[in-house]
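# got a predicted structure plus its sequence, pasted below:
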Amino acid sequence: MTKGSIYSEITPSELDPIAIIAQKYNNDPSPKKVDLSIGVYKPENGDAKYTFPSVKLAKKDIFENDQGHPYHYMSGWPEFIAGAQETVFGKNDKSNVTSIQTISGTGAVHIGIEFLRELGLTEFYVGNPAWGNYESMIKSCNSNVNFFNHYDNETGKADIDSLFKTIDTMPTDGVLLLQGCCHNPTGADYTNEQWEQIAEKVRSRGVFVMFDLAYQGFGSGDKDKDAYGVRHFHKQNLEFIVCESFSKNMGLYGERLGCLHVVSNDKQNLNNISNLLVNIFRAQCSFAPLFGARIASNIFRDFKQQWDEDVYAVYERLSDLRIKIAEKFKKLGTPGNWDSILKQNGLFWFTDLTPQQIDTLINEYHIYLPYNGRFNVAGFNNANLDYVIESIDEVVRK
Amino acid sequence: MLRRNIKSTRSFSITASLGKWTEIPLAPPDKILGISEAYNKDSNNKKINLGVGAYRDNFGKPIIFPSVKKAEVLLLEKETEKEYTPIIGSKNFQNLVKNFIFNNSGKDPNGEKLINEGRIVTSQTISGTGSLRVIADFFNRFYSSKKIIVPKPTWANHIAVLKDAGLEPSFYEYYNTSINGLDYEKLIESIKSVDNETIILLHACCHNPTGMDLTNEQWDEVLNIIIEKNLYPMVDMAYQGFSSGDPYKDIEVIRKLNKLVVDGKIKSYSLCQSFAKNMGLYGERTGSISIITESAEQSQSIESQLKKLIRPMYSSPPIHGSKIVETIFSNEELLNQWLTELNEVVGRLNTVRTKLFEKLDGSIYNWDHLNKQRGMFIYTGLSQEQVIKLRNEYSVYATEDGRFSISGVNDDNVDYLADAMNKVIKESK
């Protein structure tokens, strides 16, 4: 390489598609514009800065009893870790779990992939469609990604047969990446019975499962119920890892709070596992950020009930919107089957609108969503719901 | 470090559903952490912790900079937004870092020129460690050489971070404990002997762990070798302000590099920095990387590649710390207050350094190096045995390389510490 061209081989990388939509939305001067794209919860008034009441209480407490900004522990803030484990595993015996605080859910998945790579597990199986970041995350760790079909367009539900077939045929040192609840982007989750079947098959095949739990509580309003799959695996003495995020269910998006949990059958391994996790993380970030962990710790300790109510309120609002959307379609008699809105869980509503139809929604109706047809349900409110559904109605009739 | 284990673990059977973890070897525990744990367990009420590199006041307590607290008051009232910040941090944060460091807040015309020409790409990162990791990953993907040289000794984590990112670190000579000083001749010699285009890691100030920095003239000579051999300078600046008490004075090497770039003598360099120490934001993980590029067009490509690199690692950086930094820099009164507070912190470290020097017995050990060293540490030159003896017999806890974190010293324990050090040296004579 010559002296004059250190970086000349670098070409611009494409923008994240969701970032392009956000940019377009921001530049749209129309007063009618509606943002239904990025996966952030918003209340009825559309305020994107909405803070959960429990978080407000915790922040006030931290502020008044300020413990400063010290270095803490390589594996994370201990009170936070304990509460995060409690949130995921509930009353189950957690003595076979070791955890590390991470840079939110992305950080947990990233460290999880690196950790598994250290064990030689590098073939990942991911349901498609999937969260857009999985593929690049797995590839950036030099592991491989394989896809199976996750969503059944006909029924609007999870394609369980495709999953079963994958478990039956994937290599035994493969990793199955499953979302614990509120599947992103389809909102199509496995039922409790299906989780039990999955656990049985996973055990008999000896494959490994990595759970991504980013929306715990948004599926049923009850964080315990939403953790059914994970807890069932745990009760069945399976070995697996869980990538947990508090971005959504505490609304701590920008504070980057998450946790990676590793379940081991042999408790004697926990020390070595923890050590390996710390070493991987140490070479990337040293420590995870403290502020979010303090907020969560305070909530676990003093404002747990308020938090439960906050999460339930989110679920209630989302369910209410889903019913209203379904009713509106019914009233309009929109061609096509729009029942999926009622079958899907969580923040998202996954439609089979075509890219052309979405293009029309964006350019002619100022309604913004990503081209995979995923709506952020929380972006709807009483003021814009009729307008959006009527617009969809017009577009599909065209 | 870790990747080396892959091959060995890969050969073990991992097909069994049970006991997938059994073959994980126990990695060595972090030394500094181990020291803190041992310190916490010690019941001696005279115990002193000189391990961790975090500031303590004269009463041995961690501090919150009052300016930081004021910023938090403002943030609490405003209700910090909870939405994601962009992958590389907010524009405001990037711009203030550029202005503060490269433009030296309006005092470096070369830096200003680079900023105005769009030749600096800045990204917020997970404090200093995260900045090193991202830049190392970036070099691994895009730079012509994987070789990087770091001073011997250097921050304990440098090697692990660089290796994990796929670079090949090795040492250049820096410090000689037998003379308790910079081994300047060997330093020059060893830099001259590396391959062209090798990346060279430079500590901007307050070299960790030795506290011994290059003089102005020495910097010039080193930079000349960098130009001659077409080495790539990567500056690590964790302690900006801790040398002189003034963050603007501590960045002479940045000013020199800016000039070299503007004069066309080097094409690019990079900076990793954090606000962990100089704002006391340790746990909030607030830092940045900056890459000086050859053109505004190239900056765009590099910025997009940084986003691509960071997105699968952790999506976006945490905002609490960066909001504090942004708040302080957006308010001149608060900014001046912070600069004053930082000056006081460094003033205390220097006072303690002098007091300790005065109490140490210069007739049995030459302590002159103490007064030459700068920053949070003194690199005592004590042997591993002496450090262990201090720990076991006097409850003085420090890393075994003889690095003392000076902020653990205060008016109440300086006599005890000096006495213990004098005794240990006498006994080993």
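All right, it came through fine.
# how about the residues of the stretch 51-200 of chain A by chain B?
A:51, A:59-60, A:63, A:66, A:68-74, A:102-104, A:106-107, A:110, A:117-121, A:133, A:136-137, A:139-141, A:172-173 (C-beta under 8 Å from any C-beta of the partner chain). In this view, the C-beta of every residue, glycine as well, is placed from N, C-alpha and C.
# contacting residues around stretch A:145-154?
A:123-130, A:134-135, A:138-139, A:157-159, A:162-163, A:165-166, A:170, A:174, A:183, A:186, A:188, A:350, A:352 (C-beta atoms under 8 Å, 6 or more residues apart in numbering or on different chains).
# would you map the strands across chain A?
Taking DSSP state E as the test, the strands found in chain A are A:34-35, A:97-103, A:123-128, A:144-149, A:151-152, A:157-158, A:174-179, A:208-213, A:240-245, A:257-263, A:348-350, A:367-368, A:374-376.
# report the buried members of the residues of the stretch 51-200 of chain A next to chain B.
The neighbour count (16 or more other C-beta atoms under 10 Å in any protein chain shown) marks A:51, A:59, A:68-74, A:102-104, A:106-107, A:110, A:117-121, A:133, A:137, A:140-141, A:173 as buried among these.
# now the helices: where do they sit in the stretch 101-250 of chain A?
A:104-118, A:133-140, A:160-169, A:192-205, A:223-226, A:228-235 (DSSP state H, counting those that start in this stretch).
# for the residue lying closest to A:Tyr215 once chain neighbours are set aside, phi and psi?
Nearest residue to A:Tyr215, sequence neighbours excluded (C-beta to C-beta, 6 or more residues apart in numbering or on different chains): A:Cys182, at 3.5 Å. Backbone torsions for A:Cys182, taken as degrees, to the nearest 10, come to phi 50, psi 60.
# which bits of the stretch 151-300 of chain B sit near chain A?
Near chain A, when you scan the stretch 151-300 of chain B using C-beta under 8 Å from any C-beta, you find B:157, B:160-161, B:163-165, B:197, B:230, B:232, B:267-268, B:280-285, B:293-294, B:298, B:300.
# pipe the helices of the stretch 101-250 of chain A into a markdown table and attach mean pLDDT per row.
As requested, these are exported to a markdown table (pLDDT from 0 to 100):
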| stretch | mean pLDDT |
| --- | --- |
| helix A:104-118 | 96 |
| helix A:133-140 | 94 |
| helix A:160-169 | 98 |
| helix A:192-205 | 97 |
| helix A:223-226 | 97 |
| helix A:228-235 | 98 |
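# pick the most buried one from the ones you listed.
The highest mean neighbour count among those, using mean count of other C-beta atoms under 10 Å in any protein chain shown, belongs to helix A:104-118: a mean of 26.
# that one packs against which elements?
strand A:97-103, helix A:133-140, strand A:208-213, strand A:240-245, strand A:257-263, helix A:270-282, helix B:3-10, helix B:296-314 (3 or more C-beta pairs under 8 Å, 6 or more residues apart in numbering or on different chains; DSSP states H and E).
# what bridges to the closest residue to B:Tyr314 other than its chain neighbours?
In space, and not counting its chain neighbours, B:Tyr314 is closest to A:Ile103: 3.6 Å by C-beta to C-beta, 6+ apart. For A:Ile103, the beta-bridge partners are A:Leu257 (DSSP bridges).
# ends of stretch A:58-77, how far apart?
16 Å (C-alpha to C-alpha, to the nearest Å).
# hmm, back to that, distance check, the residue nearest to A:Tyr215 against chain B.
18 Å (C-beta to the nearest C-beta, to the nearest Å).
# quick one on the thing from earlier: would you list the helices of the stretch 101-250 of chain A in CSV and tack on distance to A:Leu257?
As requested, the helices of the stretch 101-250 of chain A are exported to CSV (distance: least, C-beta to C-beta, whole Å):
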stretch, distance to A:Leu257
helix A:104-118, 6
helix A:133-140, 17
helix A:160-169, 30
helix A:192-205, 26
helix A:223-226, 15
helix A:228-235, 18
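# any stretches of the stretch 1-150 of chain A with poor pLDDT?
For the stretch 1-150 of chain A, applying pLDDT under 70 flags the ranges A:1-5.
# tell me if the lengthiest helix in chain B is near chain A.
The helix that spans the most residues within chain B, counting by DSSP state H, is helix B:332-359. No. With C-beta under 8 Å from any C-beta as the criterion, chain A is not reached by helix B:332-359; the gap is at least 13.7 Å.
# in that helix, what's buried?
Those would be B:334-335, B:337-339, B:341-342, B:345-346, B:348-350, B:352-353, B:355-357, B:359, for helix B:332-359 by 16+ other C-beta under 10 Å.
# now stretch B:227-243
Within stretch B:227-243, the residues that count as buried by 16+ other C-beta under 10 Å are B:229-243.
# and the end-to-end length of it?
26 Å.
# just give the closest residue to whichever residue of the stretch 151-300 of chain B sits closest to chain A, not the sequence neighbours.
Residue nearest to chain A within the stretch 151-300 of chain B: B:Gly283 (3.3 Å; C-beta to the nearest C-beta). Of all residues not flanking B:Gly283 in the chain, A:Leu290 sits nearest, at 3.3 Å (C-beta to C-beta, 6+ apart).
# for the one you found, give me its contacts.
Applying C-beta under 8 Å, 6+ apart to A:Leu290 gives the contacts A:69-70, A:72, A:77, B:283-285.
# again, but for B:Asn49
B:35-36, B:39, B:397, B:405, B:408.
# need those residues in a markdown table (columns: secondary structure, neighbour count and distance to chain A).
Conversion of these to a markdown table gives the following (DSSP: H, G, I helix; E, B strand; the rest coil; neighbours: other C-beta atoms under 10 Å in any protein chain shown; distance: C-beta to the nearest C-beta, whole Å):
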| residue | secondary structure | neighbour count | distance to chain A |
| --- | --- | --- | --- |
| B:Ile35 | helix | 19 | 13 |
| B:Ser36 | helix | 16 | 9 |
| B:Tyr39 | helix | 21 | 14 |
| B:Tyr397 | strand | 25 | 16 |
| B:Ser405 | strand | 24 | 12 |
| B:Gly408 | helix | 24 | 14 |
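# quick one on the thing from earlier: go through the helices of the stretch 101-250 of chain A and name the closest to A:Glu9.
helix A:133-140 (18.7 Å; C-beta to C-beta).
# and that closest one with strand A:144-149, angle?
Inter-element angle recorded for helix A:133-140 and strand A:144-149: 150 degrees (by axes from the mean of the first three to the mean of the last three C-alpha atoms, to 10 degrees).
# just give me how far helix A:133-140 sits from the chain centre.
The chain centroid and the centroid of helix A:133-140 are separated by 15 Å under C-alpha atoms, centre = their mean, to the nearest Å.
# which elements pack onto that helix?
Against helix A:133-140 (3+ C-beta pairs under 8 Å, 6+ apart) you get helix A:104-118, strand A:123-128, strand A:144-149, helix B:296-314.
# can I get these in a markdown table with distance to A:Asn382?
Shown next, in a markdown table, are those (distance: least, C-beta to C-beta, whole Å):
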| stretch | distance to A:Asn382 |
| --- | --- |
| helix A:104-118 | 31 |
| strand A:123-128 | 34 |
| strand A:144-149 | 36 |
| helix B:296-314 | 35 |
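# quick one: closest of the ones you listed to B:Ile126.
Comparing the helices and strands packed on helix A:133-140 by C-beta to C-beta, helix B:296-314 comes nearest, at 6.8 Å.
# only the buried residues of the closest one, if you could.
Neighbour-count burial for helix B:296-314 [16+ other C-beta under 10 Å]: B:298-299, B:301-314.
# just checking, what packs against that helix?
strand A:97-103, helix A:104-118, helix A:133-140, strand B:120-126, helix B:127-142, strand B:286-292.
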